[in-house]
Each structure stands twice: as C-alpha cells, then as structure tokens.
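Engineer: Can you look at this prediction? I've put the sequence above it.
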Amino acid sequence: MDSGALDQLDPQLLEALQLDGRTPFSRLALRLDVSERTVARRYQRLRSLGLRIVGQPVPDRLGLVRWLLRLRCTPDAAGTIADALARRPDTTWVTLASGGTELYCAVNTRSTDERNALLLRKLPRTPHVLSVSAHCMMRIFVGTTSTWHATRFRPASPAVDSGAPATPLTLDATDRVLFAELARDGRATLPELAAAAGRSPSSVQRHLDRLRTEGALSFSVDFDPELLGYHMATQLWLDVAPAHLRTVGETLATHPAIAFAAAITGPSNLVASGVFRTPADLYDYIDRHIGPLPGIQSIETAPTLREVKRLAPALP
C-alpha cells in the first residue's frame, strides 16, 4: 500500500478517534475489528500525514469569551496581517478567504481590557486593514470550542447549551501544565504527563478526570480534509429569523458536512463552516439542505483559500 494512499480503515480510525481522542489502541482495535498492531501502525502513518489529536480548553467553562473577527485588508497586505495574527497566543485559528482580501480569526479573551486592546486599539491602527467586525460567539451548536477546523466524519451529537456556568472552574498549576502538554499531543501518556507536571500518574489521572467531567477539557481530531478528497472548505454566513435561529443551528449540527456552527452577534446571526468535495457538492448542499430550512433570509458563502493557523489552542 502506498504510504500516502488512504483506504477504508483510515477514515474509520479517524471517526473512532473523534469519539474520544485518548481511546487506547486496544479499544480502537476492538471497535474496528483489527489487531492492535494494525491500529498503532495506521495511527503512526496518519500522524506522518499530518494527523493531530489536540487537547483544548473549553473557553466558556473557564470564564473566557470567544470572538470571531472578520477583517478586510488590501490584497498586498492580507498575508502579512494573517501571519501576524497567527503569531498571537490568543488566536486559535486564522484563515484567508474571499479572493485573498478577507481574514477570519478566532480569539479568546479573558477580560474587557484584553478585548478592547485588540479590537479598539491594535487592529484599527494596523496599516492596510480596511475594516474590522467582531462577532461574539453566543452559542456553539457543533464543533470544537476554540476552532472549527477539526474535520468531521460523522453526524453531530445533539447540541448542548454552551452557556457559561455561574462560576468558572478554577485551575491549579498541574491543570495548566496538562493543558500545555495536551495542546502539543492530546494522546500524551500518563507517565509523560506525570513527568511534565511533577506529579504521580494517579494524581494526573484525577486531574484529567476532573477537567473532563467538569467540561473544561475537550479533544479534537485535526486532519487535512483534502487527503480524504474534500477540496472545498467554505464559511457560510446566514441571516436567520430569530424565531428559527435555534432550529436552524441544531439542524446544521446534524449535517456531516458542517464542521462548526455557532450563533453570533452581528448582521449575520449564524456562522458555519462546511467541508465539501467539489463546488457542485457545495451547490447541492445549499440547494437541498440549506434552502428548505425555515427562517433563512440570506446566505453568504466565502471559500477558504488558505489556512494560516489551525487548531492551536489558546491556553487558559
């Protein structure tokens, strides 16, 4: 088998990892009805092709506010500005779209001062930025909590209300070390995590269990969709009548093509990211799946040209 060719087992493994990125190889082997050695070999090969399992903080649960920024730039400066945004530790993804003049960027802010420093002072003073719009993510219907670029291979689970708890979870030094290590490798072993944190494996396991049970830690699968034949990544901006916003958002969450959907502030009150094989598939999706939904007043599509930063958790 060619080292770059994928067969039916590969997407099955990716799908199983999406259910839980830290599932042991032995359990994956049982699920896929293959040997544990085969799973390990396939996993390592997928990693050589760019597969990442990433542990991410859940912003709402940790008292962070998520923003989606939409910047319009002059064509000659868009790439430079995108690279500068990608270097910021508070951005989780940056994409270039719409003929190379528009950037999308996700950012987590801890305070009003952090938000205002970026939105009111830094970006408006950046040369060649023509306009900036900031959209607060009010509710995530489907997708990872800090990025929307984790490729999806199965229908979404029912949407869960992402309203932040009254009291954000308090993190200690061990929790912060675990977040940093899992951002590099979500499948880091307990001994590896214990060595990094200076704690025993049993203590690390208790911390992991607490973070996951409390909804503060999630795991995402990142793999280039083009390797699976999906060459048309597109952002969808929808204007939905308020009475139908929840229904439309939860319906999009059941569509395998949609990697992310969220209710946001601004003229478009619902944003989604879809992954399609061809432009014809995108048209068919809009015609057959978006068109019949109630309350949709307008839709704007913006194909992704380049992903400058992808699935890079902003640490709490």
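Structural biologist: All right, it came through fine.
Engineer: Where does pLDDT dip in the stretch 51-200 of the chain?
Structural biologist: 120, 144-166 (pLDDT under 70).
Engineer: What ranges does it have for its strands?
Structural biologist: Along the stretch 51-200 of the chain, counting by DSSP state E, counting those that start in this stretch, strands occupy 52-57, 65-73, 91-97, 102-109, 129-142.
Engineer: Out of these, which is closest to A216?
Structural biologist: strand 52-57 (6.4 Å; C-beta to C-beta). Bear in mind the C-beta positions are built from the backbone N, C-alpha and C, glycine included.
Engineer: Tell me the strands beside that closest one, with direction?
Structural biologist: strand 217-222 (antiparallel) (DSSP bridges).
Engineer: and the partner strand, how far from the chain's centre?
Structural biologist: 8 Å (C-alpha atoms, centre = their mean, to the nearest Å).
Engineer: so for it, what's the average pLDDT?
Structural biologist: The average of the pLDDT scores along strand 217-222 is 89.
Engineer: Enumerate the positions of that strand that are buried.
Structural biologist: Across strand 217-222, burial judged by 16 or more other C-beta atoms under 10 Å covers L217, S218, F219, S220, V221, D222.
Engineer: C-alpha coordinates for that strand, PDB please?
Structural biologist: C-alpha atoms of strand 217-222 as PDB (Å, rounded to 0.1, in the frame of the first residue of the first chain):
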ATOM      1  CA  LEU A 217     -11.100  19.900  28.500                       C
ATOM      2  CA  SER A 218     -12.100  18.600  25.100                       C
ATOM      3  CA  PHE A 219     -10.100  16.700  22.500                       C
ATOM      4  CA  SER A 220     -10.200  17.400  18.700                       C
ATOM      5  CA  VAL A 221      -9.000  15.500  15.700                       C
ATOM      6  CA  ASP A 222      -7.200  17.500  13.100                       C
END
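Engineer: and after it, which helix or strand comes next?
Structural biologist: On the C-terminal side of strand 217-222, the closest following helix or strand by DSSP states H and E is strand 232-240.
Engineer: so what's T278 closest to, chain neighbours aside?
Structural biologist: Leaving aside its sequence neighbours, T278 sits nearest to M232 (C-beta to C-beta, 6 or more residues apart in numbering; 6.0 Å).
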